[in-house]
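> Attaching a predicted model along with its sequence, questions to come.
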Amino acid sequence: METRDSNQDSPLIQLNGLSKVFYTEEVETHALSDIQLSIAPGEFVSIAGPSGCGKTTMLSILGLLDSPTGGEYLLDGEPVANLTAAQRAKIRNQAIGFIFQAFNLIGDLTVYENVELPLTYRGMPGSERKERVQESLERVGMAHRVRHYPSQLSGGQQQRVAVARAMVGKPLILLADEPTGNLDSKNGNAVMELMKELHDEGATICMVTHDPRYSAVADRTVHLFDGQVVDETDPERSAHAEDLVKSGFEG
Ligand SMILES: Nc1ncnc2c1ncn2[C@@H]1O[C@H](COP(=O)(O)OP(=O)(O)O)[C@@H](O)[C@H]1O
Ligand SMILES: [Mg+2]
């Protein structure tokens, strides 16, 4: 995505009265209703809420994998409804990194090839691809497994590779849907540590998580219920909570 004109103060993501209705057989499911949400560049937002409340639907729309049925989505000030299919695909490839709960690596490709794929789609020259892939895999501690296939890795290792794939293209926005949901706490913590580092380096992150320890890492948590935003944690209160944690308060 071209960002040269973007204003640091204006939101990177802006949802205005956004809704999504799924029509199946005779059932209408209102997955999202009248969502108002604004995410600033560099912000780390977590999304929480019970199963079925619309979290995945919201990330899919944010990631241009799906379209809303109502309302407006402005990405870097630009209504995404105006984009052509080719422009959407380009933004997905260049500006957005995805991390899923189930890793979603391609089983027929090696670790190296999985991470290289988004760069190959971009038409990046081989030598540059190699450098980037190597750097990303080192970053997540998986450079010693380049020739392995996903099935030969543990869940934690697969998710680290998925993080490398999401960040290899240096996306503006990282979207993560319960990235620690299938991991034990040690591997979950390692993945969260990486997310935190990426955030510290300026990435804008939107992450669905059920784990309050992990949402506490975010700048703010948006609570969804039945497709609606019901609450946003007060950033000052979270900052206070963080201080308490730092000072060793466990009560
Ligand atoms: N492709 C689809 N077709 C029909 N209904 C769907 C589809 N995707 C999601 N839904 C429905 O939309 C609601 C929100 O789903 P989802 O966004 O997956 O929730 P969450 O990720 O919070 O568990 C649910 O009621 C779900 O059944
Ligand atoms: Mg979901």
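Cool, got the structure. Ligands and ions are numbered 1, 2, ... in the order given.

> For the closest residue to P150 other than its chain neighbours, grab phi and psi.
Leaving out its chain neighbours, the residue that sits closest to P150 by CB to CB, 6 or more residues apart in numbering is L105, at 4.2 Å. C-beta coordinates here come from the backbone N, C-alpha and C atoms, glycine included. Main-chain torsions, L105, degrees, to the nearest 10: phi -80, psi 160.

> tell me which parts of this structure are close to ligand 1?
F22, T24, T29, A31, G49, S51, G52, C53, G54, K55, T56, T57 (CB under 6 Å from any ligand atom).

> before we move on, the earlier item: from what I can see the residue nearest to P150 touches A162, true?
Yes: L105 is within contact range of A162, at 6.0 Å (criterion: CB atoms under 8 Å).

> The two: which has the busier surroundings?
A162 (26 against 23; other CB atoms under 10 Å).

> list the buried ones in the helix or strand harbouring the more buried one?
Here A162 is covered by helix 155-167, with elements defined by DSSP states H and E. Residues G156, Q157, Q158, Q159, R160, V161, A162, V163, A164, R165, A166, M167 are the ones in helix 155-167 that count as buried (16 or more other CB atoms under 10 Å).

> what's the burial count for R88?
R88 is flanked by 15 other residues according to other CB under 10 Å.

> what about the residue positioned nearest the centre of the chain, distance to A31?
Here the mean C-alpha position of the chain is nearest to the C-alpha of L175 (CA atoms, centre = their mean), at a distance of 1.0 Å. As judged by CB to CB, to the nearest Å, L175 and A31 stand 17 Å apart.

> With N93 instead?
Going from N93 to A31 by CB to CB gives 25 Å.

> Please apply the same query to H223.
16 Å.

> same thing with C53?
In terms of CB to CB, C53 sits 9 Å off from A31.

> Just want to know which of the two has more residues nearby.
More neighbours surround A31 than the other of C53 and A31, with 23 against 20 (other CB under 10 Å).

> Give me the phi and psi angles of that one.
Per degrees, to the nearest 10, the backbone of A31 is at phi -70, psi -40.

> Touching, it and L59? I think so.
No: assessed by CB under 8 Å, A31 is found out of contact with L59, at 11.7 Å.

> hmm, back to that, could you dump the buried residues of helix 155-167 to JSON lines with pLDDT?
Formatted as JSON lines, the buried residues of helix 155-167 follow (pLDDT from 0 to 100):
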{"residue": "G156", "pLDDT": "94"}
{"residue": "Q157", "pLDDT": "95"}
{"residue": "Q158", "pLDDT": "96"}
{"residue": "Q159", "pLDDT": "95"}
{"residue": "R160", "pLDDT": "95"}
{"residue": "V161", "pLDDT": "96"}
{"residue": "A162", "pLDDT": "96"}
{"residue": "V163", "pLDDT": "95"}
{"residue": "A164", "pLDDT": "96"}
{"residue": "R165", "pLDDT": "96"}
{"residue": "A166", "pLDDT": "95"}
{"residue": "M167", "pLDDT": "94"}
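
> Is there any residue in the strand or helix carrying the residue nearest to the centre of the chain that contacts ligand 2?
Assigned by DSSP H and E, L175 falls within strand 173-177. No: Strand 173-177 stays clear of ligand 2 (CB under 5 Å from the ion), getting no nearer than 6.0 Å.

> C-terminal to that strand, what's the next element?
Past strand 173-177, the next helix or strand by DSSP H and E is helix 185-200.
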